[in-house]
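In: quick one, structure for this:
(chains A and B)
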Amino acid sequence: MSDTPPLDISHDQHAVRRAKLAEMRAGGFDPFRANVATTHFSAEAKALYVDGQDNVVSVTVAGRLVTFRVQGGSSFVKIQDQQGPIQLYFRKDVLGEERYLVFKKGLDLGDIIGVTGVLFKTKTGEITVRVDSFVLVSKALRPLPEKWHGLADAEQIYRQRYLDLIINAESRHRLMTRSKIVSHIRRFLETQSFIEVETPVLESTAGGAAARPFKTHHNALGVDFYLRIATELRLKRMLVGGFDRVFEIGRIFRNEGVSRRHNPEFTMLEVYQAYSDYRGMMTLIKDMLTTLIRDVIKPADGSLKIKHAASGQDIDFGGEWREVKYKDLIREATGDAEWFSRSKAEKISGAEKLGLGVNPAWEEFEITNEIFSKKIEPTLIQPTFVTHLPKELCPLAKITPDDPTTIDVFELTIGGMEVAPAYSEQNDPDVQRTMFEAQAGEEKQNIDQDFLLALEHGMPPAGGMGVGIDRLCILLTGAESIRDVILFPQLRPGSA
RNA sequence: GGGCUGGUAGCUCAAUGGUAGAGCAGUUGCCUUUUAAGCAAUUGGUUCCGGGUUCGAAUCCCGGCCGGCCCA
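Out: Here you go, the predicted model:
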């Protein structure tokens, strides 16, 4: 024994908690070896309470301690589980002097405990568990962020998402809603006889879209692979193979910038339906989104309206959705009925008149599309099917029968964002090859020869569609950034 | 990649060239129906990192690291 006084660790919450753990272990109890057999989640437990029948129904619940209001001989605390918080009431005269002291001194905010007790209603009307026994099943050695302001540091929210989920109820709700959205989409498609499939992430040709891929290397085969930038060409092979309605909800990787709207890996739903076309896809997406809003988002007023975070407007998914041709939108925005017969020089000056910077190296369709994406798309807040895009924008769709310069497609635009492009899928192998080879500018895709071979075996006519799940979640949850709907968004490696 | 902007106690934030503070959390007491519980006392700092200017730097300057917003 030494005479030196014990070190003052009262300011170091980590050290204080470690000391409490060490003391428990010295007393023969190790929380990390303990467990609890729960009977209910928090909301289920509260639902069991019968008005006027205090201290009758017994439950065992478990969760993380998130509020801690200790008084002399009785205390209220809250634990939180997957379903939310539930209040617990600890009394010295119920637990006994010794256990009450363990509760008061041994437990900290953030600890995970299990309790058994009976339901009652407090005088302020909150259904609460009066605790008969409790067990610590995990000691939190680090303190929780502050209870009132929550966790505000954006970097820590993303790097330590688990803290954000514990502390910030809106984050918890938003990210849970994402899970429900994906689940709803699966069930919606399955009830319409769509089959979910999984196609490779590693490909020797990254096709189906125009984007820079991530590259990796397979050691045993001694070849380079690319992470997929779309699932389109694989899913169309499934149509060739006789899976007439298929979909994949898959992670897509694009080696491009990181921004409010872009994460290097993101989630895309792609759907293909044989014997349908782009008009069939309109019905499909409209049904999918209206049922999503009705069954998952559930607007309080029973409408199909949601608040658009960026503009403050209501987006109304009820009624007919606007349908408008790409060329008509361009003619309207430029005020030039003859826009598409203008020379490149005239298009450049037309774009500049609208305040756009134009790179003279661009192809004409790229100049036009700059007008679309900068001046038109952001104004399309209500659900809008923009149809009949210039054929240069996508080589994988069928040419419009009465206009050989456009394709039979739509881009569903909501809240100023492209949410879902859909096509009548090109199934003529010769036209497909020609269209691939004619690609130019930033739209140029890698040519997947094996896909062309598959088309030569015969692909049924089909409608296909892609839905950016992250963007859909931004829209439906009122988020401001893609990082708010992705659990662990990409950041530069850091020290946290 | 460029412009703007931020990094201070575990968390949320003050301090604009002159002794680094507050609230919550922590610690010690009191308190048997609380709701950001209350009361009293109290601990806690590599001011992101490295240089520079200055009698003196959280603050001004340069470089770096990690974020945010806008643009490409």
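In: going by C-alpha atoms from here, please, whenever you check contacts or count neighbours.
Out: OK.
In: what ranges in chain A fall below the confidence cut-off?
Out: By pLDDT under 70, the low-scoring segments of chain A are A:1-6, A:495-496.
In: redo that, cut-off 90
Out: A:1-9, A:147, A:207, A:257, A:309-312, A:355-362, A:439-447, A:493-496 (pLDDT under 90).
In: any chance you could list what contacts the top helix by length along it?
Out: Counting residues, the longest helix in chain A under DSSP state H turns out to be helix A:169-190. Outside helix A:169-190, the residues within contact range by Cα atoms under 8 Å, 6 or more residues apart in numbering are A:164-166, A:195-196, A:288, A:292, A:296-297, A:469, A:473, A:477, A:484-487.
In: beyond that helix, next helix or strand please.
Out: As assigned by DSSP states H and E, the chain's next helix or strand after helix A:169-190 is strand A:195-196.
In: ok, residues contacting that next one?
Out: Residues contacting strand A:195-196 (Cα under 8 Å, 6+ apart): A:189-190, A:243, A:245-248.
In: look up how far A:Lys398 lies from the closest residue to A:His457 other than its chain neighbours.
Out: Once flanking residues are discounted, A:His457 sits nearest to A:Val240: 7.2 Å by Cα to Cα, 6 or more residues apart in numbering. Applying Cα to Cα, to the nearest Å, the value for A:Val240 to A:Lys398 is 17 Å.
In: would you map the helices across the stretch 151-300 of chain A?
Out: Remark: helices assigned in the stretch 151-300 of chain A by DSSP state H, counting those that start in this stretch are A:154-159, A:161-167, A:169-190, A:232-240, A:278-292.
In: hey, which of the ones you listed is tucked in deepest?
Out: The highest mean neighbour count among the helices of the stretch 151-300 of chain A, using mean count of other Cα atoms under 10 Å, belongs to helix A:232-240: a mean of 21.
In: is it true that A:Ser74 touches A:Leu95?
Out: No - judged on Cα atoms under 8 Å, A:Ser74 makes no contact with A:Leu95 at a distance of 10.1 Å.
In: ok so, going back, filter the contacts of strand A:195-196 to the buried ones?
Out: Buried subset of the contacts of strand A:195-196 (neighbour count, 16 or more other Cα atoms under 10 Å): A:189, A:243, A:245-248.
In: may I see those residues organised as CSV, with distance to A:Thr124 added?
Out: Output for the buried ones among the contacts of strand A:195-196, formatted as CSV (distance: Cα to Cα, whole Å):
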residue, distance to A:Thr124
A:Leu189, 46
A:Phe243, 59
A:Arg245, 55
A:Val246, 54
A:Phe247, 51
A:Glu248, 50
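In: in strands, which of these appear?
Out: Among the buried ones among the contacts of strand A:195-196, the ones falling in strands (DSSP state E) are A:245-248.
In: nearest to RNA strand B, of those?
Out: Lowest distance from RNA strand B to these (Cα to the nearest atom of the strand) belongs to A:Glu248, with 28.3 Å.
In: dump the residue contacts of the nearest residue to A:Val409 once chain neighbours are set aside.
Out: In this structure, A:Val409 finds its nearest non-sequential neighbour in A:Tyr423, 4.2 Å apart by Cα to Cα, 6+ apart. A:Tyr423 makes contact with A:277-278, A:281, A:396-398, A:407-410, A:463-465 under the criterion Cα under 8 Å, 6+ apart.
In: is it true that A:Glu352 touches A:Ile367?
Out: No - shown here, A:Glu352 and A:Ile367 do not form a contact pair, counting by Cα under 8 Å, at 10.0 Å.
In: what residues are shared contacts of these two?
Out: What both A:Glu352 and A:Ile367 touch, as defined by Cα under 8 Å, 6+ apart, is the set A:Val358.
In: the residue nearest to A:His457 and RNA strand B, how far apart?
Out: To RNA strand B, A:Val240 is 38 Å away according to Cα to the nearest atom of the strand, to the nearest Å.
In: for A:Gln160, same thing?
Out: 10 Å.
In: which residues touch the nearest residue to A:Leu202 once chain neighbours are set aside?
Out: Using Cα to Cα, 6+ apart and skipping the chain neighbours, the partner closest in space to A:Leu202 is A:Leu227 (5.0 Å). By Cα under 8 Å, 6+ apart, the residues touching A:Leu227 are A:201-203, A:206, A:213-216, A:252-253.
In: which of the residues you listed are buried?
Out: A:201-203, A:206, A:213-214, A:252-253.
In: as a markdown table, those with distance to A:Arg178 would be great.
Out: Converted to a markdown table, the buried ones among the contacts of A:Leu227 look like this (distance: Cα to Cα, whole Å):
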| residue | distance to A:Arg178 |
| --- | --- |
| A:Val201 | 22 |
| A:Leu202 | 26 |
| A:Glu203 | 28 |
| A:Ala206 | 28 |
| A:Pro213 | 26 |
| A:Phe214 | 26 |
| A:Ile252 | 17 |
| A:Phe253 | 19 |
